[in-house]
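[1] how would this look folded up:
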Amino acid sequence: MMNSTQFLYFTLSAYFDTGALKYLFFMVILSLYMSIFCTNVLLIVVICMNRSLHEPMYLFLCSLFVNELFGSTWLFPFLLVQILSDIHTVSAPLCFLQIFFLYCYGGVEFCNLAIMSYDRYLAICFPLQYNTRMTFNKITVLIAVTWLLPLLLCVVMTCLSSSLQLCGNVINKVYCDNYSVTKLACYDTTVNNIYGLVVIALSIFCPLTLIVYTYTKIFRVCFSGCKQTRHKAVSTCTPHLASLLNFSCGACFELIQSRFNMNNLSNTLRILLSLYWLTCQPLFNPLMYGLNMSKIRIICKNLVFAKM
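    Residues are numbered from 1 along each chain as shown. From the prediction side, this is the model:
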């Protein structure tokens, strides 16, 4: 029988010695984080401070930008410390805290994209009934469920993972993730695996099912409607579909890399793939929505020029 223990720290073996280049990587990561932080904070402030933007679509966008800020803030400071450090370890409590933040961020993102697709579905398919169907109370409930459901799911998942007896403490990633820790367990992890499938079903497949259903209805209305209806649908749905595709591809890369042997890929490529869905989405969404939504674009422009 293998000896099991509760380790005080985990070693992140995906990091490699880059010599003096580590300072260049540090500056690149710092620049990315500052860009993400400034753009998302700017858009959150713009939406919160302007009453003309207190509409369902913009409130859901505000929730999305808050999640981008939440997802990047737990990751980037940690990466910056690890890049400059010669010893790439993370304490066990911080490792499990990272697992909680990581999956909570992913779950909230998918749920937020799902309620945004539902909002577009009501606006395009039921324009005359939109204001009566999308009430303030309904918006509040949808945003609350978007955040509370992934949070509760991730609390249970993190508790299950932290109670495992482990036979090793080496994780071949640049941050902690649940599957990598579970693979280190000495004993049966059936309960963890089953619950992991439940988490994936509730936080990924259910939102994706709602998104597919709503867009099926939206496309049906577009193809049977007039040119003006099609133009409105394209202008409001394009940023959402682009964001969904970007995040889904990143999450798919992460799942494939975690579940399958990717040793044939270079270490640098594996690191880039694992960071893609955590870095590109927080950068992509502010640019996509900020550039495509005229109300946000005009208010941001006026705010910047007024300060200058």
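[2] what strand or helix carries the residue nearest the centre of the chain?
    With distances taken as C-alpha atoms, centre = their mean, residue 106 lies nearest the centre of the chain, 4.0 Å away. Using DSSP states H and E, residue 106 sits within helix 92-125.
[3] need the contact partners of the helix or strand following that helix.
    For helix 92-125, the following helix or strand on the C-terminal side (DSSP H and E) is helix 130-133. Defining contact as C-beta atoms under 8 Å, 6 or more residues apart in numbering, one finds that helix 130-133 is touched by 122-123, 126. Yep, even glycine has a C-beta here, placed from its N, CA and C like the rest.
[4] list only buried entries from those residues.
    The neighbour count (16 or more other C-beta atoms under 10 Å) marks 122-123 as buried among the contacts of helix 130-133.
[5] quick one: contacts for the nearest residue to residue 151 once chain neighbours are set aside?
    Of all residues not flanking residue 151 in the chain, residue 104 sits nearest, at 5.7 Å (C-beta to C-beta, 6 or more residues apart in numbering). With contact taken as C-beta under 8 Å, 6+ apart, residue 104 is in contact with 70, 150-151, 154.
[6] let's go with 6 Å and repeat that
    Going by C-beta atoms under 6 Å, 6 or more residues apart in numbering, residue 104 touches 150-151, 154.
[7] let me have the residues you listed in TSV, adding pLDDT and secondary structure as columns.
    Below are the contacts of residue 104 laid out as TSV (pLDDT from 0 to 100; DSSP: H, G, I helix; E, B strand; the rest coil):
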residue	pLDDT	secondary structure
150	94	helix
151	95	helix
154	94	helix
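[8] count of neighbours near residue 200?
    Here the number of neighbours of residue 200 (other C-beta atoms under 10 Å) works out to 16.
[9] no wait, residue 56
    Residue 56, neighbours per other C-beta under 10 Å, totals 24.
[10] what about it, distance to residue 142?
    As for residue 56, its distance to residue 142 is 9 Å (criterion: C-beta to C-beta, to the nearest Å).
[11] likewise for residue 31?
    Distance of residue 31 to residue 142, given as C-beta to C-beta: 35 Å.
[12] again with residue 161
    29 Å.
[13] looking at those two, which is more packed in?
    The residue with more neighbours, out of residue 161 and residue 142, is residue 161; 25 against 21, by other C-beta under 10 Å.
[14] got a list of what residue 245 touches?
    Contacts of residue 245 by C-beta under 6 Å, 6+ apart: none found.
[15] which helix or strand contains it?
    helix 227-259.
[16] in that helix, what counts as buried?
    When neighbours are counted by 16+ other C-beta under 10 Å, the buried residues of helix 227-259 are found to be 230, 232-233, 236-237, 239-240, 243-244, 246-248, 250-251, 253-254, 257-258.
[17] centre of the chain to that helix, how far?
    In terms of C-alpha atoms, centre = their mean, to the nearest Å, the centre of helix 227-259 is set 13 Å apart from its chain centre.
[18] any idea of the mean pLDDT for that helix?
    Mean pLDDT, computed over helix 227-259, is 79.
[19] likewise for stretch 9-16?
    Per-residue pLDDT values across stretch 9-16 average out to 86.
[20] from the rest of the structure, what touches that stretch?
    Residues from elsewhere that reach stretch 9-16, judged by C-beta under 6 Å, 6+ apart: 88-91, 95, 169-174, 267, 271.
[21] repeat that for stretch 52-65.
    By C-beta under 6 Å, 6+ apart, the list of residues contacting stretch 52-65 from outside reads 40, 43-44, 47, 112, 115-116, 119, 134, 139, 143, 289.
[22] and which of those residues is nearest to residue 187?
    residue 112 (36.6 Å; C-beta to C-beta).
[23] the helix or strand encompassing residue 216: which residues count as buried?
    For residue 216, the host element (DSSP H and E) is helix 206-224. Within helix 206-224, the residues that qualify as buried are 207-208, 210-211, 214-215, 218, 221-222, counting by 16+ other C-beta under 10 Å.
[24] let me know the closest of those residues to residue 276.
    Nearest to residue 276 among the buried residues of helix 206-224: residue 208, at 18.7 Å, using C-beta to C-beta.
[25] perfect, I'm done here.
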